[in-house]
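In: sequence first, then the predicted structure, then my questions.
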Amino acid sequence: DIQMTQSPSSLSASVGDRVTITCRASQDISNYLAWFQQKPGKAPKSLIYAASSLQSGVPSKFSGSGSGTDFTLTISSLQPEDFATYYCQQYNSYPPTFGQGTKVEIK
Amino acid sequence: EVQLLESGGGLVQPGGSLRLSCAASGFIFSSYAMSWVRQAPGKGLEWVSTISGSGGRTYSADSVKGRFTISRDNSKNTLYLQMNILRAEDTAIYYCAKDRQWLPEFFFDYWGQGTLVTVSS
């Protein structure tokens, strides 16, 4: 199985900050990488697919980049509603696997 | 609007069985693969099982293979997960999730709110 490793595991940031989360795959997954946001007590919500394509209805402050093994999710200007846990997921190889999550907290 | 509503969770003893359901609306159910993804308390996300749009192809994680069975009834717009020989480590919130295409791509674009399964004596 492909291992997905996110860094950092958690971060503290202020409203208005630019935040970047990294996801590394244990082998080449091309651009078959998705990002999800999960708020406490809620279901995950898809943000990005194909490494950089924004899911319908997701604000443009979210962006993704990367290919191969290294990927990033960037939030351009952090807002109160963005404090959540973010997960990456590869769907290049079976079985699909998720990163361990990055918790974004208020500084 | 895509809506996925899970039901059927609850408390069950180790070795017991449970059947989860997911009622779908807002899209042509039979045109999309569907999946179950779970999350143990305080932990990350784990893919469990997927079924193609027709129901003819199924896929399951090694951790549940031989114990869990995914199925669907396209006439009722409903997805199921039959869980047998349940273990304590199966305790989790189980989410129903929609794929982007008929044959599984394993990208989950919409998720239900989840149903909690607790396996304990």
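Out: Okay, I see it. Numbering: from 1, shown residues only, chains lettered A, B, ... in the order given.
In: gap between the spatially most central residue of chain A and residue A:53?
Out: Nearest to the geometric centre of chain A sits residue A:35, at 3.9 Å (Cα atoms, centre = their mean). As judged by Cβ to Cβ, to the nearest Å, residue A:35 and residue A:53 stand 10 Å apart. Using the backbone N, CA and C atoms, a C-beta is placed for each residue, glycine as well.
In: overlap in contacts of these two?
Out: residue A:64 (Cβ atoms under 8 Å, 6 or more residues apart in numbering or on different chains).
In: check which helix or strand the residue nearest to the centre of chain A maps to.
Out: Assigned by DSSP states H and E, residue A:35 belongs to strand A:33-38.
In: skip ahead from that strand and say which helix or strand is next.
Out: Sequence-wise, the next helix or strand downstream of strand A:33-38 (DSSP H and E) is strand A:45-49.
In: give me the number of residues near residue B:76?
Out: Neighbour count for residue B:76, taken as other Cβ atoms under 10 Å in any protein chain shown: 12.
In: again, but for residue B:3
Out: The burial count for residue B:3: 12, using other Cβ under 10 Å.
In: try the one 10 residues further on
Out: By the criterion of other Cβ under 10 Å, residue B:13 has 10 neighbours.
In: any idea how far residue B:117 is from it?
Out: Distance, residue B:13 to residue B:117, by Cβ to Cβ: 12 Å.
In: how about residue A:64?
Out: Residue A:64 is 32 Å from residue B:117, by Cβ to Cβ.
In: try residue A:28
Out: Counting by Cβ to Cβ - residue A:28 and residue B:117 are separated by 35 Å.
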